[in-house]
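Q: Have a look at this prediction, sequence included:
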Number of protein chains: 4
Amino acid sequence: MLKGFTVPKSPFGQAALTPPPPWHYSSDVVGVEFWTDPKATAATLPNGLSPDPESNGHAVMMFLDWQFTAQDDEYLDPARYQYREAFILLDAIYRDTPVMWCPYIYVDNDAALARGWTQGFPKKLGSIFQTRTYAAASAAAAPVAAGGRFGASLSAHGQCLAQARITLRKPVQNGLSLLSRPTVLLRYFPRLSAGYQDQPAVNELAMSITDNLTVAEAWIGEGELNLPEAHGEELHVLAPNRIESGFRYSLSYSVTDLKILEDHVS
Amino acid sequence: MLKGFTVPKSPFGQAALTPPPPWHYSSDVVGVEFWTDPKATAATLPNGLSPDPESNGHAVMMFLDWQFTAQDDEYLDPARYQYREAFILLDAIYRDTPVMWCPYIYVDNDAALARGWTQGFPKKLGSIFQTRTYAAASAAAAPVAAGGRFGASLSAHGQCLAQARITLRKPVQNGLSLLSRPTVLLRYFPRLSAGYQDQPAVNELAMSITDNLTVAEAWIGEGELNLPEAHGEELHVLAPNRIESGFRYSLSYSVTDLKILEDHVS
Amino acid sequence: MLKGFTVPKSPFGQAALTPPPPWHYSSDVVGVEFWTDPKATAATLPNGLSPDPESNGHAVMMFLDWQFTAQDDEYLDPARYQYREAFILLDAIYRDTPVMWCPYIYVDNDAALARGWTQGFPKKLGSIFQTRTYAAASAAAAPVAAGGRFGASLSAHGQCLAQARITLRKPVQNGLSLLSRPTVLLRYFPRLSAGYQDQPAVNELAMSITDNLTVAEAWIGEGELNLPEAHGEELHVLAPNRIESGFRYSLSYSVTDLKILEDHVS
Amino acid sequence: MLKGFTVPKSPFGQAALTPPPPWHYSSDVVGVEFWTDPKATAATLPNGLSPDPESNGHAVMMFLDWQFTAQDDEYLDPARYQYREAFILLDAIYRDTPVMWCPYIYVDNDAALARGWTQGFPKKLGSIFQTRTYAAASAAAAPVAAGGRFGASLSAHGQCLAQARITLRKPVQNGLSLLSRPTVLLRYFPRLSAGYQDQPAVNELAMSITDNLTVAEAWIGEGELNLPEAHGEELHVLAPNRIESGFRYSLSYSVTDLKILEDHVS
């Protein structure tokens, strides 16, 4: 009996791309909140989501340095399980619920890519970097403080996809207020058999469930975001018209479950 | 209406990990044919496959430098679409048909990874290299000729998973004889919802269909293969007991279809 | 007694970045010949070189997939010694000799970087890709033939630095005619001691010596080249005004020596 | 007049591998202090250094996540200037001064490599990872506390060169006590001209000068270190006989100068 939560299934279950849940995550986040073309955001929505009449065009771009662990001290093998990520979230409505929708997301690690596909995050590979803060002071330390500046970038296949800079101004009292909407995702797996290539095997609208969601050391301030045009990508169609803020915080949560909202296959 | 054969689905269909089929491939292959522990190969087989009573334990490890194109001149964007791959194939039986089964495969590119998952190749990321042959002669040119030597290697997450060396001895008259068995694969996509994590959404035994399969400049000779033990992998369980041969050839085919042999979900 | 041609010097001489010469190289080359702003090319010239009065502004951008070997079968360890490169050469005059000058060059390998510095190639790290040609025919094979098309690209630190496309039209009878001028380089190694940071320890004008220079399967045709603006780079200052040609060939040579033209320290 | 502290020298001085000093650094360090074969450490010493009669065989292996800046907000471009490093330091004596000698060091960034060569750090490229600590608590957060565990690894060209694990036990009151000896380095740049390949252009014994050296949040405890045998490397010759401790701290300093101890060319 082959073992493993994902492929490759194997005799001992050690070869799978990711260990099974529960999955635990801690990260640092650099992000920019902005407004873009409402037609462009609406055009990214899958069946089941509609534009938010009050905030269509509202978007958040986030860059994250992640550490992951499951049940076997995976955090002690950072070469395999530490990773970096960048994604964009757009305001939308599911039935009457305000949600965020994730059309594009990039990671630099295959375990993260495999977990993401399972959840409905449409992950591609990219190179993501963010300025870090260090405990030992120097001109390179980037302290989290008023006036503190952080840069972040995303590239893929040798093209720059996003560049951000933020300047911190003040702490956020309730960091969780930055994450007030649930995230809706599309779990999707195609068929390759001739005649069925437009009839996916999996096509589900899903809602992310995050246990023990924690936000620490949240700061807000100003931001800049550049989403240059890139061949083979559509992120740049969501380039900012107006920046709302820049922010930085530390984030953690666990994943043990996923809520399926709608099954578009059956 | 979102477009794209895979995620991310997008308004213009330009963001998907891979363009839709037909997919066209050309490559150079360095490989080693060998025999390993029959219990170890049998233990990797999914439901629906059984050990080949005549050749259980027979295996081939291949390293490939690939070029890919679909309908939009993707071969002119090698930063995105050129890739390298390593995989192992094991003799097995599907009903009464001798086949090869692919338990483990590694690529260095996300488009290749996404296509592979769709076909049932359980691709993970790795770094793959093979000695190339060059038209301009020098001590570095590695001509395809009697006595010609080629090296190849696979690593992932900073661990060496495979090292091979071959020495060419003679041309193979009928190169296609090296690929006489069809390849059987497991198309598999898990569920993450609590209570369903052991009930995959997709669990199909599939057979690869390769149109216009071509083998050119095939040579055979001696081989060496080392599959060192690596944490988080099970490839090393299939380490050789005896080497049969080393080989090198050029390979091309197209993919437009996949044959589903058995659906283990329904 | 520590051994090694470069650092790290070590007890057994196995740890050095590169084995000692002779160095042997074979490659495939995709390139574009073009004309750029003569003021921009003149501004890159080191002391000892002057603009070529007949062809100042004439430039060649080349992308190369290299295989290297020294005396110990290094070509069988492609993970360490195979590499990719992109560079630009500009027409100039050394005394009365027409030469080419290399202001910028990128590789994806540390052994190549170390050898380059030793010769005077000012190598930085980059990601370089070129369309390859394969013996097994398919839509992905990119045959070397009239109408054959090849792409190439260079990026570094997540920025695109160069994109090229060529279309082959006809074979070149004498491939060596494409390499008629010797290459002049700046061997340079700074001092870090306070007060001496503008007084380099090594500052020599050098001329590359290539033994057994071979060009095979040379073709010429049309080319396109884009050198987009990039932060932390000056390659884009040399962007084309007019394209002369595109070309592709196979190249090999050996390096055992370097000619020092002028020592600017003494 | 070409500008730039290192190659490539360029008209605007923007293309050089590294901006000129002052250079400012902040990092997190995971390390292991150990004892190895005294003959092996003695064999790595360059002319001018001798084994420490009291502590020959004493060594420290360190893994560092670095952030760098010079005068132009380089810390806001982490894709180019953030980097990871691993190196080994060995006890030695320079004249009557106890020092540490750095025989082998690896980084994942070309700017760091170029600065290192200038100082005498014999840097090669590698992939380095360490467990990080995060402010947002989860099973993945790796808090700096008694019992806290951290992993680290180094690989190069697809081979594992070092794996470490540490367990923190108690804070260190005076973190600077962990860095009590100065570091001695070999500045070395070869000649390639035939007949001079064993007569380097630069061959200086140098002592690192670190301004504003700061150690923060230092903890000590237990450690494990594995230095597996690797082709093309000699780090494994220094594998531990006995582990002294594991440690973790934050580190910062600036570099504006280098002290040349001896010039072995003149």
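A: Good, I have the coordinates.
Q: Next one, pLDDT for the residue nearest to the spatial centre of chain A please.
A: Nearest to the geometric centre of chain A sits residue A:87, at 4.2 Å (CA atoms, centre = their mean). pLDDT for residue A:87: 98.
Q: and what of residue A:178?
A: Residue A:178 is given a pLDDT of 83.
Q: Residue A:126 contacts residue A:104, correct?
A: No: counting by CB atoms under 8 Å, residue A:126 sits too far from residue A:104 to count as a contact (9.8 Å). Where C-beta positions appear, they are placed from N, C-alpha and C, glycine not excepted.
Q: Would you mind telling me which of these two has more residues around it?
A: The residue with more neighbours, out of residue A:126 and residue A:104, is residue A:104; 28 against 25, by other CB atoms under 10 Å in any protein chain shown.
Q: Helix, strand or coil: sort out residue A:112 for me.
A: Using DSSP: H, G, I helix; E, B strand; the rest coil, the structure places residue A:112 in helix.
Q: quick one: contacts for residue A:154?
A: A:63, A:86, A:106, A:126-128, A:160-163, C:158 (CB atoms under 8 Å, 6 or more residues apart in numbering or on different chains).
Q: What strands line up against the host helix or strand of it, and which way round?
A: Assigned by DSSP states H and E, residue A:154 belongs to strand A:149-156. Looking at strand A:149-156 with DSSP bridges, its partner strands are strand A:127-130 (antiparallel), strand A:159-171 (antiparallel).
Q: what mean pLDDT does the first one have?
A: Across strand A:127-130, the average pLDDT comes to 98.
Q: Quick one: the helices in the stretch 101-250 of chain A, in order.
A: With DSSP state H, counting those that start in this stretch, the ranges of helices along the stretch 101-250 of chain A come out as A:110-119.
Q: Near chain D, which residues of it? Just list them.
A: A:127, A:129-132, A:134-142, A:149-153, A:155, A:165, A:212, A:214-217, A:249-250 (CB under 8 Å from any CB of the partner chain).
Q: any chance you could map the strands in chain A?
A: Ranges of strands in chain A, per DSSP state E, are A:23-35, A:49-50, A:58-69, A:83-94, A:97-107, A:123-125, A:127-130, A:149-156, A:159-171, A:183-189, A:202-208, A:211-226, A:242-255, A:258-263.
Q: tell me which parts of chain A are close to chain C?
A: A:127, A:129, A:153-155, A:158-160.
Q: among the residues you listed, which ones are buried?
A: Neighbour counting with 16 or more other CB atoms under 10 Å in any protein chain shown marks A:127, A:129, A:153-155, A:158-160 as buried within those.
Q: shaky segments in the stretch 151-266 of chain A?
A: Counting by pLDDT under 70, the stretch 151-266 of chain A shows no low-confidence range.
Q: where does it come near chain B, residue by residue?
A: With the criterion set to CB under 8 Å from any CB, the stretch 151-266 of chain A comes near chain B through A:157-158, A:186-194, A:197, A:201-202, A:231-235, A:237, A:255-260.
Q: now do 6 Å
A: A:157-158, A:188-190, A:192-194, A:201-202, A:233-234, A:257-258, A:260 (CB under 6 Å from any CB of the partner chain).
Q: wouldn't the residue nearest to the centre of chain A be in contact with residue A:107 here?
A: No: if you go by CB atoms under 6 Å, residue A:87 and residue A:107 don't touch, sitting 8.8 Å apart.
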